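Novice: everything below, folded, please.
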Amino acid sequence: LQPKLEERLKKNKTFLFDVDHTDRVEGSRYIDISHRYFANDAEIIEQSHQKMVDLRENLSDKEKAFLFCSGPEVQRYPGYDFSTGINIVCNSVINDLDLMGAVEPDIQIFGDPIFHFGCSMYASEFRKRLVEMQDQYGFINIIPVKYFNLFTYWQPELAEHTIAIPFDLNIDINLDLLANFRVHTTDNILTLMMLPVACSFARQIYLLGCDGRPLSENNYFWKHNEKAQFGSQMGNIQDVHPTFFTVDYDDYYLRHCNNVEAYFNVGEASGKQFISLTPSHI
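Specialist: Numbers count the residues shown, from 1 in each chain. Reported below is the predicted structural model:
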């Protein structure tokens with residue numbers, strides 16, 4: 001924008017959004033625009049908090065939580081009994097049909113702007129699978145509140161089965177969503193919502209598939225369970241959102257490891273236990 005025009009728009013309190021496709025988070029910017037169109041966050045948050053309270057009541061007989069992430073080591077799940085816990089899967093784990101049948105999840109958590117709410121064929125395949133799996137297993141979806149209207153516009157049948165949580169970079173780590181219904185902002189689903197949800201419901205939290213990676217393998221975020229990916233659409237999403245993948249993978253990974261440590265410290269200080277059932281570099 002020309003400086004004078006930008007100054008005038010700001011003076012008139014016009015919202016400005018940078019949707020330059022060379023910006024790594026351009027996919028999120030478009031969703032910010034759609035979110036700004038609606039003014040019903042307060043209503044959604046109030047309803048979602050009540051859904052969270054109801055969900056906790058429905059699962060009150062379970063004191064453990066099992067978290068299933070997308071690393072290759074999650075394939076070690078056979079042989080464990082998950083019937084005694086709250087089973088929480090994330091992201092594209094829903095595409096591993098064998099794991100889904102063994103786990104029968106209670107909760108599915110996801111929140112990536114391009115992989116889950118974006119305009120690529122990858123995101124489309126994810127949402128198709130999500131509808132199929134929710135219909136089969138009846139789990140509750142948990143997503144960030146800013147995606148709720150967009151998500152339920154395209155999948156209205158999932159609105160009653162979806163909890164939307166607000167996030168805030170300016171609050172401390174919060175692991176009790178029943179008392180304070182908002183999460184501290186991070187850039188990984190484990191710390192953003194999985195650990196806060198699990199700690200709100202359970203004292204013992206077991207993790208599977210949080211593999212991380214050796215520091216030397218820094219050409220991608222980390223390896224994934226191939227059955228839990230929509231591999232045929234990876235080329236498509238990289239074409240649609242090329243700059244998303246222009247990230248310093250070491251910086252992202254080390255920040256994630258530090259965040260996990262911080263969340264564990266806060267949880268353990270309040271009596272929570274964290275146990276990894278599968279090998280992890282993190």
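
Novice: from here on, just use CA atoms for contacts and neighbour counts.
Specialist: OK.

Novice: which helices and strands sit right next to the helix or strand harbouring Ile143?
Specialist: In the assignment (DSSP states H and E), Ile143 maps to strand 140-144. Here strand 140-144 touches strand 107-109, strand 162-165, going by 3 or more C-alpha pairs under 8 Å, 6 or more residues apart in numbering; DSSP states H and E.

Novice: list the buried residues in the longest one.
Specialist: Looking back up the chat, that one is strand 162-165. 162-165 (16 or more other C-alpha atoms under 10 Å).

Novice: from the residues you listed, pick the one nearest Tyr252.
Specialist: Ranked by distance to Tyr252 (C-alpha to C-alpha), those are led by Ile165 at 23.4 Å.

Novice: surely that closest one touches Ile143?
Specialist: Yes. If you go by C-alpha atoms under 8 Å, Ile165 and Ile143 touch, sitting 6.3 Å apart.

Novice: related to what we said a few turns ago, what's the following helix or strand after the strand holding Ile143?
Specialist: helix 148-154.

Novice: show me which positions of that next one end up buried.
Specialist: Applying 16+ other C-alpha under 10 Å to helix 148-154 flags 148-151 as buried.

Novice: tell me the least confident of those?
Specialist: Within these, Leu150 has the lowest pLDDT, namely 91.

Novice: distance check, that residue against Leu175.
Specialist: 27 Å (C-alpha to C-alpha, to the nearest Å).

Novice: again with Gln238
Specialist: Gln238 is 34 Å from Leu175, by C-alpha to C-alpha.

Novice: so which of the two has more stuff around it?
Specialist: Leu175 (27 against 14; other C-alpha atoms under 10 Å).

Novice: quick one, grab the pLDDT at the more buried one.
Specialist: pLDDT at Leu175 comes out at 97.

Novice: give me the nearest residue to it, chain neighbours excluded.
Specialist: Closest residue to Leu175 apart from its sequence neighbours, by C-alpha to C-alpha, 6 or more residues apart in numbering: Pro196 at 4.4 Å.

Novice: for Gly138, same thing?
Specialist: Asp106 (7.5 Å).

Novice: thought that neighbour was touching Gln136?
Specialist: No. Counting by C-alpha under 8 Å, Asp106 sits too far from Gln136 to count as a contact (11.6 Å).

Novice: neighbour count winner among those two?
Specialist: The neighbour count for Asp106 versus Gln136, taken as other C-alpha under 10 Å, is higher for Asp106 (18 against 12).

Novice: from Phe148, how far out is Trp154?
Specialist: The separation that Trp154 has from Phe148, given C-alpha to C-alpha, amounts to 10 Å.

Novice: mind listing what's buried in stretch 125-140?
Specialist: 125-127, 129-130, 133-134, 139-140.

Novice: I misspoke; the intended subject was stretch 93-112.
Specialist: 93-96, 99-100, 103-112.

Novice: out of the residues you listed, which comes closest to Leu254?
Specialist: Of those, the one sitting nearest to Leu254 (C-alpha to C-alpha) turns out to be Asp112, at 19.4 Å.

Novice: contacting residues for Glu73?
Specialist: Glu73 makes contact with 208-211, 225, 278-279 under the criterion C-alpha atoms under 8 Å, 6 or more residues apart in numbering.

Novice: Ser48 against Ile165, yeah?
Specialist: Yes. If you go by C-alpha under 8 Å, Ser48 and Ile165 touch, sitting 7.2 Å apart.
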